[in-house]
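1. Take a look and give me a structure for this.
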Amino acid sequence: MKKNKFILIFIGKAMFLYLIWFVCYDLWLKKVGDVDEYLINNLVYLAFEGLSFLGYFVNMDGFKLSIVGAKAGVRVGSGCNGLELLALFSGFVLVFEGSWKHKVWFIPAGIIILHFFNVLRIMALAVNGLTSKVMLEFNHKYTFTIILYCFTFSGWYLWVKYFSNIQSDHHENTISE
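-> This next block holds a predicted model:
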């Protein structure tokens, strides 16, 4: 019975947070565009710098990045800037059990790590564009989407395993039975 109550409370909190996200993002921030544009510019800039550091000659034109001589380049749009994934990660940690003392550092750390992996994804896609537009599109649609979601789920797993109150409650119930 306690488990069902926990699940209902979690779903209720998640739905409430989604409503807030919808109002803030879809009805306001998306129309303003500043958050998406800032995030895209940052991703493209960091990917450009990373590829240049690795010795590639890179062209950057607005939201598009390509390695000189590549068969295809990478254009980062608002659907690929990772904002929804960052919000999903943050929302899960916010509504899940755990100390606010840990949430205050865990959420920003997770956002930074996920953003870093998104930069690596863009860099890898640009390198992929050297050889094949088809492989670039495949890896964009499937491979790197799966990888980023795995990192997100790993962050959630770390939260639940090490920082939520669920483990200690479950452990105490197991011992007392």
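2. From G50, how far off is I146?
-> Using Cβ to Cβ, to the nearest Å, we find I146 at a distance of 22 Å from G50. For the C-beta atoms, the positions are set from N, CA and C on the backbone; glycine is no exception.
3. Just want to know which of the two has more residues nearby.
-> With neighbours defined as other Cβ atoms under 10 Å, I146 and G50 compare such that G50 has more, 17 against 11.
4. what's the closest non-adjacent residue to that one?
-> Computed as Cβ to Cβ, 6 or more residues apart in numbering, the closest residue to G50 that is not its neighbour in sequence is M123, at 5.1 Å.
5. what's the burial count for the one you found?
-> So M123, with other Cβ under 10 Å, has 24 neighbours.
6. One more: the one 10 residues further on?
-> The criterion is other Cβ under 10 Å. On that basis, K133 has 13 neighbouring residues.
7. thought it was touching K71?
-> Yes - assessed by Cβ atoms under 8 Å, K133 is found in contact with K71 at 5.3 Å.
8. what about the longest helix seen in the chain, average pLDDT?
-> Taking DSSP state H as the criterion, the chain has its longest helix at helix 100-128. Rounded to a whole number, the mean pLDDT of helix 100-128 is 96.
9. any idea which helix or strand comes after it?
-> Downstream of helix 100-128, the first helix or strand assigned by DSSP states H and E is helix 133-138.
10. In this protein, mark out all the strands, start to finish.
-> With DSSP state E as the criterion, the chain has strands at 58-61, 64-67, 74-75.
11. would you turn the ones you listed into a markdown table with mean neighbour count, mean pLDDT and distance to W105?
-> Rendered in a markdown table, the data for these read as follows (neighbours: other Cβ atoms under 10 Å; pLDDT from 0 to 100; distance: least, Cβ to Cβ, whole Å):
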| stretch | mean neighbour count | mean pLDDT | distance to W105 |
| --- | --- | --- | --- |
| strand 58-61 | 14 | 95 | 33 |
| strand 64-67 | 20 | 95 | 31 |
| strand 74-75 | 20 | 95 | 32 |
